[in-house]
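Visitor: Quick one: sequence plus predicted model below, questions after.
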Amino acid sequence: MRWGVIIFPGSCDDQDVFDALKRDLGQKVKFLWHKDDLAGHFDCLVLPGGFSYGDYLRCGAVARFSPIMRGVLEFARRGGLVLGICNGFQILCESGLLPGALVRNAGLQFVCQQVMLRVEETDTPFTCEAKRGQLLKIPVKHGEGCYYADPVTLERLRKNHQILLRYVDSKGRPSPSANPNGSLDNIAGICNEGRNVFGLMPHPEDACNKLLGSEDGRKIFSSIAAACAQGEQRHA
Amino acid sequence: MRVKIFVSLKSGVLDPQGKAIERSLHTLGYSEVQDVRTGKYLELNIEASSYEAAESRIRQMCDKLLANPVIEDYRFEIEG
């Protein structure tokens, strides 16, 4: 399978994602520049973390109008897999590919720490290799990661099983103290209704190697790789 | 024409900055202050044939970029 990692001006985790995919998971990865049109065949596009366009106006608000985003929207519409991490999640929300928004952390401070996540759904290409209820230790590093959606949208997310990851404590309970940013319902990651677009605030690319303190982030990438391999088999 | 745009957080959205400012004002002795909400203020010049034309363009800009309808409301004033 082929991965594309999009670089926006101000992205800073593009290299981390590239390294995790290539070195830790042995995947084929290519960088994509935000000013280019999306060309070539890709199975999964990654919008990495960082501070695209300096977070001016709102996080992700300007990046969503980058030339490459037209191709990303079309790619997602056709069912292509799109993964947005941190600032990438913010861009996906701003562009309307995912519902809701990410606002300033409730505690106002930038959080940079390992968090525990609970896998809530496994019938998606992003979590299919995990077990339901499985705990993943993956770091967060953000100032604006508080997930917000209006009550109607939130109810729809729950009903459609679109909440894929929640912040939990070491016993797997989604308690207020386990919530690093005040996100509604301890939401750490959601997918769209089509289940081919996934956004999350934690950084799986920073948890793919023992040296970094956790390898749990691999679950996300290996799920995507497994889902794509299955798709290729079906088409063969 | 000169346009002044005010972007504010919708009422249900948490505003931790507003809360921190409120606490700070209380510390300074302004105990009568309540419900501080922060927002954004933008000014711009626009060329338009009429007030209505300017209004329609500004509304588009706000809906597309300047405000996020999920979390923010906006209003604007056109002068001159």
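Guide: Perfect, I can see it now. Keep in mind that what you see is a predicted model, and the values were worked out from it rather than measured.
Visitor: For A:Gln15, give its distance to chain B.
Guide: The gap separating A:Gln15 from chain B is 29 Å, by CB to the nearest CB, to the nearest Å. In this view, the C-beta of every residue, glycine as well, is placed from N, C-alpha and C.
Visitor: ok, now A:Thr122?
Guide: As judged by CB to the nearest CB, A:Thr122 and chain B stand 28 Å apart.
Visitor: Tell me which stretches of chain B form strands.
Guide: In chain B, the segments counted as strands under DSSP state E are B:2-9, B:39-45, B:72-79.
Visitor: need the residues of chain A near chain B, please.
Guide: A:57-58, A:61-62, A:65, A:93-94, A:99-101, A:103-108, A:146, A:148-151, A:182 (CB under 8 Å from any CB of the partner chain).
Visitor: could you flag which of the residues you listed are buried?
Guide: Buried positions within the residues of chain A next to chain B, assessed by neighbour count (16 or more other CB atoms under 10 Å in any protein chain shown), are A:57-58, A:61-62, A:93-94, A:99-101, A:103-106, A:146, A:148-150, A:182.
Visitor: just to revisit the earlier point, quick one: which of the residues of chain A next to chain B sit in strands?
Guide: Reading strands off the residues of chain A next to chain B with DSSP E, I get A:101, A:103, A:146, A:148.
Visitor: Next, give me the two most distant ones among these.
Guide: The most widely separated members of these, counting by CB to CB, are A:Ala101 and A:Cys146 (9.1 Å).
Visitor: The closest residue to A:Leu92 other than its chain neighbours - how many residues pack around it?
Guide: Across the structure, with CB to CB, 6 or more residues apart in numbering or on different chains as the measure, the residue nearest A:Leu92 apart from its sequence neighbours is A:Gly84 (4.0 Å). Taking other CB atoms under 10 Å in any protein chain shown as the criterion, the count of residues near A:Gly84 is 28.
Visitor: Tell me the bridge partners for A:Gly84.
Guide: For A:Gly84, the beta-bridge assignment (DSSP bridges) gives partners A:Leu47, A:Gly199.
Visitor: what's it in contact with, if anything?
Guide: The contact partners of A:Gly84, taken as CB atoms under 8 Å, 6 or more residues apart in numbering or on different chains, are A:46-47, A:90-92, A:97-98, A:197-200.
Visitor: what number of residues lie near residue 37?
Guide: Let's take chain A. Counted with other CB under 10 Å, residues neighbouring A:Asp37 total 9.
Visitor: hm, I was asking about chain B
Guide: B:Arg37 has 15 neighbouring residues, counting by other CB under 10 Å.
Visitor: what residues are up against the closest residue to it other than its chain neighbours?
Guide: Counting by CB to CB, 6+ apart, B:Arg37 lies nearest to B:Gly18, which is 4.7 Å off, once chain neighbours are set aside. Counting by CB under 8 Å, 6+ apart, B:Gly18 makes contact with B:9, B:35-38.
Visitor: Could you check the pLDDT of the most far-flung residue of chain B relative to its centre?
Guide: Note on chain B: the largest separation between a C-alpha and the mean C-alpha position, by CA atoms, centre = their mean, falls on B:Gly29 (27.0 Å). B:Gly29 carries a pLDDT value of 98.
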